[in-house]
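Peer 1: Quick check, what structure comes out for this input:
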Amino acid sequence: MLQISLKLILSRFFFLVLILAGCKSQPKTTQTIVINGGKFIEISSDNILANIALTPLETSPECMIGEQFRVLESERDFYILDDVSKLITRFGADGQFLNIIGKKGKGPGEYVEMFDAIVSGNAVELLTGFPSTEVTYYTAEGFFIERKKWLELASLSLITQPKSNDYLFYGTSWGRKIQRIDKNSGKIADSMLVNTEGAKVFRVHPFSKTSYGTILFCELFINKIYEINSEGIQEKYRLDLGKYTIEQDMPTRDFMKRASETGVWAIDRALESDDYLYISISRYMQDGNSSRSHFIFRKSDQVIFTLSEKDSFSSAFGPAYHLDQNGDLFLSVRPLEAINCKAWTHYFETNRMNIAEDQNPVLVKFNIRSIIKNTEK
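Peer 2: Okay, here's the model as predicted:
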């Protein structure tokens, strides 16, 4: 069972469901992908574990990672953002602890809140500041560089746009907006969403970069995945989640009623390369149980593959954090979840890996093309 329950999700965020509006242009086509009741080809746990590469992260008192964390995309080293401590822990390619980045406080180089972060070359950019949008810059080694104010009101997520390198800020003033900021002038160059009056946004991390130079954007309980490119924002994929589908405004009380009666499904992450779309979905059921599924949509023939869910195998994986052009998919595994799955415990024992439930996450990689090829033999 996932460690973060629906109750916790609903308590952390604002739980108002919103519809995307005001797109600059409409896409030529929107691809519908049937998830609830769709036809899938299951990729077995044996296939995945036979083709997986693992990097356990060092576990020590000075580098403990909490239950709520995200792995940031980076070209080298591993950067783990702890959503509770609001610190970033950097590990080397071998999983050894290197240093901590960031510090909460009110002194020089410190911050009172951190909402998001990105790794940019040899620097780490933290979205900090309240009530304004500020970015606090550190070196990879954790040394403070500077802090810069970009907007008068706070934002909840950021990413840099490929090619232009402009900032995209989401959730400014708790509004449902994506604002593009020209880094050279500091001025707002574009506003891609229209805020729904009186509504709030989910405090999530909705952006990811595709392997071909655009950005995907999706929100937690909304079934639409958008692409941001030089022309603006367009709906690219629509997920058919059956009775769990939420694609329009819904009053808070109605959303809470649905959650208690039928449960809700949440899109954790969407990643895309030329050949594949990866989607992570968490299912929060009305009985308090939850699980995570991982879907791989092959774009050439629209076949959907899913990681095995037997014995909660797939739930041990956190949402993937990177998909490259070669088909390598990068994810994390929670030891607490993995040791309760027979396939994982057998793998650890066979490979003489001493993995305990209180250890830091294990980072994993496998090639989508390879495991699909093995599946289709």
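Peer 1: contacts and neighbour counts: CA atoms only from here.
Peer 2: Fine.
Peer 1: does the most centrally placed residue in the chain have beta-bridge partners, and which?
Peer 2: In the chain, the centroid-proximal residue (C-alpha atoms, centre = their mean) is residue 269; its distance is 4.4 Å. Assessed by DSSP bridges, residue 269 has beta-bridge partners residue 280.
Peer 1: show me what contacts it?
Peer 2: 206, 218, 278-281, 319-321 (C-alpha atoms under 8 Å, 6 or more residues apart in numbering).
Peer 1: try 7 Å this time
Peer 2: 279-280, 319 (C-alpha atoms under 7 Å, 6 or more residues apart in numbering).
Peer 1: Break down the stretch 201-350 of the chain into its strands, ranges please.
Peer 2: With DSSP state E, counting those that start in this stretch, the ranges of strands along the stretch 201-350 of the chain come out as 207-209, 215-218, 224-229, 232-240, 264-272, 276-284, 290-298, 303-307, 322-323, 328-333.
Peer 1: will you turn the ones you listed into TSV that also has distance to residue 55?
Peer 2: Converted to TSV, the strands of the stretch 201-350 of the chain look like this (distance: least, C-alpha to C-alpha, whole Å):
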stretch	distance to residue 55
strand 207-209	23
strand 215-218	27
strand 224-229	31
strand 232-240	33
strand 264-272	21
strand 276-284	21
strand 290-298	20
strand 303-307	20
strand 322-323	15
strand 328-333	9
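Peer 1: could you dump those to JSON lines with mean pLDDT and distance to residue 145?
Peer 2: As requested, the strands of the stretch 201-350 of the chain are arranged in JSON lines below (pLDDT from 0 to 100; distance: least, C-alpha to C-alpha, whole Å):
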{"stretch": "strand 207-209", "mean pLDDT": "94", "distance to residue 145": "25"}
{"stretch": "strand 215-218", "mean pLDDT": "92", "distance to residue 145": "27"}
{"stretch": "strand 224-229", "mean pLDDT": "91", "distance to residue 145": "30"}
{"stretch": "strand 232-240", "mean pLDDT": "92", "distance to residue 145": "32"}
{"stretch": "strand 264-272", "mean pLDDT": "93", "distance to residue 145": "31"}
{"stretch": "strand 276-284", "mean pLDDT": "95", "distance to residue 145": "35"}
{"stretch": "strand 290-298", "mean pLDDT": "95", "distance to residue 145": "38"}
{"stretch": "strand 303-307", "mean pLDDT": "97", "distance to residue 145": "42"}
{"stretch": "strand 322-323", "mean pLDDT": "96", "distance to residue 145": "27"}
{"stretch": "strand 328-333", "mean pLDDT": "97", "distance to residue 145": "30"}
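Peer 1: now for the ones you listed, which one comes closest to residue 57?
Peer 2: Of all the strands of the stretch 201-350 of the chain, strand 328-333 sits nearest to residue 57, with 10.2 Å by C-alpha to C-alpha.
Peer 1: So which bits of that closest one are buried?
Peer 2: Buried positions in strand 328-333, judged by neighbour count with 16 or more other C-alpha atoms under 10 Å: 329-333.
Peer 1: Much appreciated, bye for now.
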